[in-house]
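S.K.: coords please:
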Amino acid sequence: EGAEDGGTQGAGGGGVEGAEDGGTQGAGVGSVEGAGGRGVEGANSNSQSRRRIWRREAREGDGDAGGAATVETYAPGPSLSADFTFVARDAFTNRAAAVNPLVPSTAAETALFEATAARVEAKKRRMKVHATGDAGLSETLAAAKAAFVEDHTAAARALHQLPALAPSDVITTEATRTENIFIAQPQQRNLSGRIFGGFLLRRAFELAFATTYVFGGARPVFRQVSEMDFLRPVDVGDLLRFRARVLHTSTSECGRPCVDVEVEALVTKPEAVSSEVSNTFMFTF
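M.R.: Okay, the predicted model is just below:
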């Protein structure tokens with residue numbers, strides 16, 4: 001959970017959430033930033049698909065000649081793992097508050113601390129690039145991005161300009177887009193009166209699942225939430241529009257197809273002729 005007045009959504013069902021003045025959220029392992037009145041947050045919510053763990057047990061008296069026979073039993077492993085970041089807030093001003101620094105005392109704690117710090121920095125860099133566009137990239141990265149975009153755009157031109165001559169086994173990203181729209185209701189509030197982040201995550205997941213189902217033609221199997229960002233709060237009565245599209249397809253190590261689906265949540269205000277992104281999610285099926 002975790003919901004604040006300054007622009008937050010909470011979480012539910014193993015989702016990640018966060019909230020702060022500046023409006024970026026994410027996850028980290030047991031680390032809370034916010035010193036100096038600026039809460040910073042970490043990276044992703046990494047969920048794992050259910051792992052099957054088989055153990056072999058020996059039972060006396062079974063098998064040939066009184067020997068021990070092995071019996072295979074199933075023990076389910078963890079179906080979800082997630083990192084959370086919480087932001088400390090002043091009880092009177094509701095602004096970010098300084099917290100005592102965390103000092104690791106063992107080698108294992110130090111390694112975990114440094115890995116989390118690296119994730120937090122990576123998250124802040126991604127948010128900076130998201131806010132500034134290519135201006136936040138180095139010249140090398142900007143050039144590599146431009147070349148990547150040009151290559152993939154050229155491959156897609158046939159679909160737009162010469163559809164009759166385009167390969168039959170390809171489809172454009174825009175053709176995979178699905179969308180729904182609804183009004184945020186009071187029963188979906190968190191303790192701070194904002195719309196609960198877990199509710200937004202659930203609606204995003206449902207749309208991503210449906211998008212993958214329609215795209216692949218078979219019932220998808222959820223793999224992970226690879227990214228989620230809470231950029232601005234959602235209030236009761238807001239008109240929420242969810243847009244989903246397939247961004248990437250690949251083949252896993254075991255030979256199964258993988259589909260990455262992005263879902264954007266937008267707070268739409270027709271009277272103000274505005275539509276702002278409040279949340280982004282990335283799911284893998």
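
S.K.: any regions of the protein where pLDDT drops low?
M.R.: 1-76, 130-138, 155, 158, 166 (pLDDT under 70).

S.K.: in it, which spans are strands?
M.R.: Along the chain, counting by DSSP state E, strands occupy 8-9, 18-19, 52-59, 69-76, 178-183, 224-230, 239-251, 257-269, 274-284.

S.K.: can you redo the ones you listed as CSV with mean neighbour count and distance to residue 114?
M.R.: Just so you know, the C-beta spots here come from the backbone N, C-alpha and C atoms, and that holds for glycine as well. CSV is the format used below for the strands of the chain (neighbours: other CB atoms under 10 Å; distance: least, CB to CB, whole Å):
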stretch, mean neighbour count, distance to residue 114
strand 8-9, 29, 28
strand 18-19, 30, 21
strand 52-59, 10, 29
strand 69-76, 10, 32
strand 178-183, 13, 40
strand 224-230, 22, 22
strand 239-251, 16, 30
strand 257-269, 19, 28
strand 274-284, 19, 25
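
S.K.: looking at those, which is nearest to residue 154?
M.R.: Closest to residue 154 of the strands of the chain is strand 239-251 (CB to CB; 17.8 Å).

S.K.: residues near residue 187, how many?
M.R.: Neighbour count of residue 187, defined by other CB atoms under 10 Å: 8.

S.K.: would you list the strands of the chain in CSV and tack on distance to residue 218?
M.R.: Listed next are those as CSV, based on distance: least, CB to CB, whole Å:
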stretch, distance to residue 218
strand 8-9, 32
strand 18-19, 34
strand 52-59, 21
strand 69-76, 24
strand 178-183, 17
strand 224-230, 19
strand 239-251, 13
strand 257-269, 9
strand 274-284, 16
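
S.K.: so which of those strands is nearest residue 109?
M.R.: Across these, residue 109 has its closest neighbour in strand 18-19 (22.6 Å, CB to CB).

S.K.: for stretch 188-202, output the C-alpha coordinates as PDB.
M.R.: What follows is stretch 188-202, C-alpha atoms only, in PDB (Å, rounded to 0.1, in the frame of the first residue of the first chain):
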ATOM      1  CA  GLN A 188     -11.700   2.600  -5.400                       C
ATOM      2  CA  ARG A 189     -10.200   5.100  -3.000                       C
ATOM      3  CA  ASN A 190      -7.200   4.500  -0.800                       C
ATOM      4  CA  LEU A 191      -6.700   6.000   2.700                       C
ATOM      5  CA  SER A 192      -5.700   9.400   1.300                       C
ATOM      6  CA  GLY A 193      -8.800   9.700  -0.900                       C
ATOM      7  CA  ARG A 194      -6.900   9.000  -4.200                       C
ATOM      8  CA  ILE A 195      -7.600   6.000  -6.500                       C
ATOM      9  CA  PHE A 196      -5.900   2.900  -5.200                       C
ATOM     10  CA  GLY A 197      -2.800   1.900  -7.200                       C
ATOM     11  CA  GLY A 198      -3.700  -1.700  -7.000                       C
ATOM     12  CA  PHE A 199      -7.000  -1.100  -8.700                       C
ATOM     13  CA  LEU A 200      -5.200   0.700 -11.600                       C
ATOM     14  CA  LEU A 201      -2.700  -2.200 -11.800                       C
ATOM     15  CA  ARG A 202      -5.500  -4.700 -12.000                       C
END
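
S.K.: select, out of the strands of the chain, the one closest to residue 203.
M.R.: Between these, strand 239-251 lies closest to residue 203; by CB to CB that is 6.1 Å.

S.K.: these two touch, right, residue 173 and residue 246?
M.R.: Yes. With contact defined as CB atoms under 8 Å, residue 173 counts as touching residue 246 (6.3 Å).

S.K.: still on that earlier bit, quick one, which of the strands of the chain is nearest to residue 115?
M.R.: Taking CB to CB, strand 224-230 is the member of those nearest to residue 115, at 17.2 Å.

S.K.: what packs against that closest one?
M.R.: Counting by 3 or more CB pairs under 8 Å, 6 or more residues apart in numbering; DSSP states H and E, the packing neighbours recorded for strand 224-230 are helix 197-216, strand 274-284.

S.K.: nearest to residue 121 among these would be which one?
M.R.: Closest of the helices and strands packed on strand 224-230 to residue 121 is strand 274-284, at 19.5 Å (criterion: CB to CB).
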